[in-house]
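K.L.:
Quick one, structure for this:
(one chain, ligands or ions: 3)
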Amino acid sequence: MWKRVSTLSPFLFSSKSTSLARAGHGWNACGSPAMDLPFSVNYASSLRDKTPFITFVLGGPGSGKGTQCEKIAETFGFTHLSAGDLLRKEMNSNSEERTTILNIIQDGKIVPSAVTVKLIMKAMESSDSDKFLIDGFPRTEENRIAFEQIIGLEPKAVLFFDCPEEEMVQRVLNRNQGRVDDNIDTVKKRLKVFETLSLPVIDYYSKKGKLHKINAVGDADEIFEQVRAVFDAPEVTI
Ligand SMILES: Nc1ncnc2c1ncn2[C@@H]1O[C@H](COP(=O)(O)OP(=O)(O)OP(=O)(O)O)[C@@H](O)[C@H]1O
Ligand SMILES: Nc1ccn([C@@H]2O[C@H](COP(=O)(O)O)[C@@H](O)[C@H]2O)c(=O)n1
Ligand SMILES: [Mg+2]
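P.N.:
Ligands and ions are numbered 1, 2, ... in the order given. Predicted structure coming up:
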């Protein structure tokens, strides 16, 4: 069940608040874990009684998360929420936080969890779905803990697209979608962030027995066959 967490946060929900600046208290753009959340939150009533099936989708930059999520969504009826897409949308809006988000993304660092979790929660609230693929999240232990504490749920499954660095770099540099972080300098920084901050999250879910490691090298349709096997398996009841 959705677990309620005490009182309404003034800065998570106020459109006038400078949530990123406040989130900086106890959090940082490098993603250092902060075990005590600087806020608490009351869920929107629309989410309170749902028990959605949540799958986190992890992997380095260019490992194919977005590509595979589209296939999973189409085949298994999940709603695909990409944390990066939500942040880019916020960055291109008139949000007070747009410049800060842009600077963090350009620098290949991690946006404070309060901001990202708020965007994910809003997207979940505004959806009728009860099956979510959350792509590119949690990127850090701080992200993971914030999601658990704010949303009060854990993923049922976690996919990890395992891809060699050289392949990821080539894919990102060939992507050609106009992303501000698709350049060699930012990719190098993102790979470092992945190694230092995201791998511990992957290790955490591995130890919990929730991780499904996918070999992300090869043709996208072949890779999807490995993914299909995960969702077809009886222990993963969607
Ligand atoms: N199996 C594959 N083989 C070759 N290219 C691929 C494969 N899967 C995806 N690509 C291409 O690689 C690029 C990166 O893929 P995608 O955007 O899905 O990765 P991602 O993990 O979501 O990356 P990011 O974390 O940067 O958002 C895209 O241009 C995509 O078309
Ligand atoms: N949990 C997250 C996810 C993403 N970011 C920032 O967005 C950039 C792009 O993310 P993609 O998933 O689309 O690759 C990423 O490099 C981060 O700067 C984040 O901060 N937190
Ligand atoms: Mg992506």
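K.L.:
give the contact list for the residue nearest the centre of the chain.
P.N.:
Nearest residue to the geometric centre of the chain (CA atoms, centre = their mean): residue 137, 1.8 Å. Each residue near residue 137 by CB atoms under 8 Å, 6 or more residues apart in numbering is listed here: 56, 83, 116, 120, 143, 147. Backbone N, C-alpha and C define where each C-beta goes, glycine included.
K.L.:
now, which of those residues lie within helices?
P.N.:
The helices, defined by DSSP state H, take in 83, 116, 120, 143, 147 from those.
K.L.:
okay, these in a markdown table with neighbour count next?
P.N.:
What follows is the ones in helices among the contacts of residue 137, written out as a markdown table (neighbours: other CB atoms under 10 Å):
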| residue | neighbour count |
| --- | --- |
| 83 | 23 |
| 116 | 27 |
| 120 | 24 |
| 143 | 26 |
| 147 | 23 |
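K.L.:
can you redo those as a markdown table with distance to residue 200?
P.N.:
Output for the ones in helices among the contacts of residue 137, formatted as a markdown table (distance: CB to CB, whole Å):
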| residue | distance to residue 200 |
| --- | --- |
| 83 | 17 |
| 116 | 17 |
| 120 | 20 |
| 143 | 11 |
| 147 | 15 |
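K.L.:
Report the entries of those that also contact ligand 2.
P.N.:
When contact is defined as CB under 6 Å from any ligand atom, the ones in helices among the contacts of residue 137 meet ligand 2 at 83, 116, 143.
K.L.:
my read: the first one touches residue 140, true?
P.N.:
This means residue 83. No. Contact criterion CB atoms under 8 Å: residue 83 and residue 140 do not qualify, at 11.3 Å.
K.L.:
Look at the residue nearest to the centre of the chain and give its secondary structure.
P.N.:
coil (DSSP: H, G, I helix; E, B strand; the rest coil).
K.L.:
how near is it to residue 127?
P.N.:
Using CB to CB, to the nearest Å, we find residue 137 at a distance of 16 Å from residue 127.
K.L.:
Kindly report the same for residue 172.
P.N.:
29 Å.
K.L.:
now residue 67
P.N.:
21 Å.
K.L.:
Also residue 202?
P.N.:
26 Å.
K.L.:
Compare the two and say which is more crowded by neighbours.
P.N.:
Shown here are residue 202 and residue 127; by other CB atoms under 10 Å, residue 202 has more neighbours (19 against 16).
K.L.:
and the more buried one, what is it in contact with?
P.N.:
With CB under 8 Å, 6+ apart, residue 202 has these contacts: 58, 158, 160, 211.
K.L.:
Pull out the buried members of those residues.
P.N.:
58, 158, 160, 211 (16 or more other CB atoms under 10 Å).
K.L.:
How about the contacts made by the third one?
P.N.:
Which is residue 160. Per CB under 8 Å, 6+ apart, neighbours of residue 160: 58-59, 202, 205, 211-214.
K.L.:
mind listing the helices for the protein?
P.N.:
Going by DSSP H, the chain shows helices at 10-13, 19-23, 45-48, 65-76, 83-91, 98-106, 113-125, 141-151, 165-173, 184-193, 199-207, 220-232.
K.L.:
closest to ligand 3 out of these?
P.N.:
Smallest distance to ligand 3 across those (CB to the ion): 3.4 Å, for helix 65-76.
K.L.:
Give me the mean pLDDT for the closest one.
P.N.:
Per-residue pLDDT values over helix 65-76 give a mean of 98.
K.L.:
how much distance is there from that helix to the middle of the chain?
P.N.:
15 Å (CA atoms, centre = their mean, to the nearest Å).
K.L.:
So that it lines up with my notes, have the first residue be 430 from now on.
P.N.:
All right, first residue 430 from here; so that's helix 494-505.
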